[in-house]
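**Student:** What follows is a predicted structure for the sequence shown.
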Amino acid sequence: DSGVTQTPKHLITATGQRVTLRCSPRSGDLSVYWYQQSLDQGLQFLIQYYNGEERAKGNILERFSAQQFPDLHSELNLSSLELGDSALYFCASSPTGRLGTGELFFGEGSRLTVL
Amino acid sequence: AQKITQTQPGMFVQEKEAVTLDCTYDTSDQSYGLFWYKQPSSGEMIFLIYQGSYDEQNATEGRYSLNFQKARKSANLVISASQLGDSAMYFCAMRPLTGANSKLTFGKGITLSVRP
């Protein structure tokens, strides 16, 4: 158990809908990262938050948004969903915005299926 | 920009034998970290081993060791005494150790199947 909690574990929805994925980082970790894993694109970095502020942005679509709350949990909002958004969405946390020699600790992922 | 290349097709290894999973990388950073993660069929990402670019010795963690060849920009994972539970997808990843960008960049992954 990595200590990172993601909900829901599975989600099935229709095109055009909006969903919210939730992540609780490890206790004390200030940094949260979101990754998307699809069969054709592999693991793609979406966005990083550090202590409530956006720190880095990757290949995140405009239809997607995220935030980190004062209690450090994070939410990833996906709207106007398309079939191609079906993927496994990972949240990871680390103690600081810049990693030392440690790794990212990953949650079990939220598997999104868009029908 | 950073790039991780994992080009091996699906790998097969006999139980109790050793296997090497290849990883090459490209970066303009002078200081960086290299990671290997394991993803079993259940989906979670499990950290295996870390190597810093300035570490003089190759990293080892139990049955895992990292064959780090800096001049060749390779960071191959060696799994000794393979077990059936080692069957999984394996990802190589890297990140800079300096600067504001701390995200991990991943390779496409390699599928390992351990035969009994």
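**Tutor:** Cool, the structure landed. Keep in mind that what you see is a predicted model, and the values were worked out from it rather than measured.

**Student:** So what pairs up with the most centrally placed residue in chain A in the strands?
**Tutor:** In chain A, the residue lying closest to the centroid (C-alpha atoms, centre = their mean) is A:Trp34, at 3.1 Å. In this entry, A:Trp34 is beta-bridged to A:Ile47, A:Cys91, by DSSP bridges.

**Student:** Do you know the pLDDT at it?
**Tutor:** Note for A:Trp34: predicted pLDDT of 96.

**Student:** Next up, the contacts around it.
**Tutor:** Counting by C-beta atoms under 8 Å, 6 or more residues apart in numbering or on different chains, A:Trp34 touches A:23, A:45-48, A:60, A:66, A:74, A:76, A:89-92. Where you see a C-beta, it was placed from the backbone N, CA and C, and this is true even at glycine.

**Student:** do the same with A:Ala14
**Tutor:** A:Leu81, A:Val114, A:Leu115.

**Student:** Just the buried ones from these, in ChimeraX syntax?
**Tutor:** A single ChimeraX command selects the buried members of the contacts of A:Ala14 (16 or more other C-beta atoms under 10 Å in any protein chain shown):
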select /A:81,114
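
**Student:** In strands, which of the contacts of A:Ala14 appear?
**Tutor:** Using DSSP state E, A:Val114 are the members of the contacts of A:Ala14 that sit in strands.

**Student:** Format the contacts of A:Ala14 as TSV; extra columns: distance to B:Thr111 and pLDDT.
**Tutor:** Putting the contacts of A:Ala14 into TSV (distance: C-beta to C-beta, whole Å; pLDDT from 0 to 100) gives the following:
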residue	distance to B:Thr111	pLDDT
A:Leu81	29	98
A:Val114	25	97
A:Leu115	27	96
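
**Student:** Can you give me the distance of B:Tyr90 to B:Ser102?
**Tutor:** 22 Å (C-beta to C-beta, to the nearest Å).

**Student:** repeat for A:Asp1
**Tutor:** For A:Asp1, the distance to B:Ser102 - C-beta to C-beta - is 24 Å.

**Student:** Neighbour count: those two, which is higher?
**Tutor:** B:Ser102 (23 against 7; other C-beta atoms under 10 Å in any protein chain shown).

**Student:** what's the residue lying closest to A:Glu108 once chain neighbours are set aside sitting at in phi/psi?
**Tutor:** Closest residue to A:Glu108 apart from its sequence neighbours, by C-beta to C-beta, 6 or more residues apart in numbering or on different chains: B:Glu44 at 4.7 Å. Note on B:Glu44: backbone dihedrals following degrees, to the nearest 10 are phi -70, psi 150.

**Student:** Report whether the expected contact of B:Glu44 with A:Arg111 is present.
**Tutor:** No - between B:Glu44 and A:Arg111 there is no contact under C-beta atoms under 8 Å: 11.7 Å.
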